[in-house]
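K.L.:
here's my sequence, what's the structure:
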Amino acid sequence: VELAEFGGGSVQAGGSLRLSCAASGFTGSRYCMAWFRQATGKEREGVAIINHDGGTTHADSVKGRFTISKDNAKNTLYLQMNSLEPDDTAMYYCAGHPSYLCSFRGGFRDWGQGTQVTVFS
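P.N.:
From the prediction side, this is the model:
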């Protein structure tokens, strides 16, 4: 499975961006997907997960501001980011794993190259 992210860019604090991740190749009948991010000098952190059944998990730092969703017909994952803050500045990665349920601490098999999000005040 190949994953490719789109939609990163620079935005003023308080603004919005929507990231997309196109998945190509056979994902199988059970495949969960997620967004991670890594800021310069910091460890990678989980942002949001969407499981095979559509259930979602969002990190506390983004709850109420970010929303993960998926269009199964288009094999595309999304991350709607509202009320962006300078601390959201990071490289954002799409990830996928052939499993019914996933967690931030679990391993993900497939990774995209990342897309940069920069939030300026």
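K.L.:
without its sequence neighbours, what residue ends up closest to the residue nearest in space to the middle of the chain?
P.N.:
Per C-alpha atoms, centre = their mean, the C-alpha nearest to the average position across the chain is that of residue 35, at 2.1 Å. Nearest non-adjacent residue to residue 35, counting by C-beta to C-beta, 6 or more residues apart in numbering: residue 47, 4.2 Å away. In short, each C-beta sits where N, CA and C put it, glycine included.
K.L.:
next up, the contacts around that neighbour.
P.N.:
Residues near residue 47 by C-beta atoms under 8 Å, 6 or more residues apart in numbering: 34, 35, 36, 37, 58, 59, 62, 66, 68, 79, 92.
K.L.:
now residue 115: how far from residue 4?
P.N.:
9 Å (C-beta to C-beta, to the nearest Å).
K.L.:
compare neighbour counts for these two and give me the winner.
P.N.:
Taking other C-beta atoms under 10 Å, residue 115 and residue 4 do not tie; residue 115 has more neighbours (20 against 14).
K.L.:
dump the residue contacts of that one.
P.N.:
Counted by C-beta under 8 Å, 6+ apart, residue 115 has contacts 5, 6, 7, 8, 19, 91, 92.
K.L.:
only the buried subset of the residues you listed, as a PyMOL command please.
P.N.:
Selection of buried members from the contacts of residue 115 for PyMOL, criterion 16 or more other C-beta atoms under 10 Å:
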select buried, resi 5+7+8+19+91+92
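K.L.:
can you redo the contacts of residue 115 as CSV with secondary structure?
P.N.:
Output for the contacts of residue 115, formatted as CSV (DSSP: H, G, I helix; E, B strand; the rest coil):
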residue, secondary structure
5, strand
6, strand
7, coil
8, coil
19, strand
91, strand
92, strand
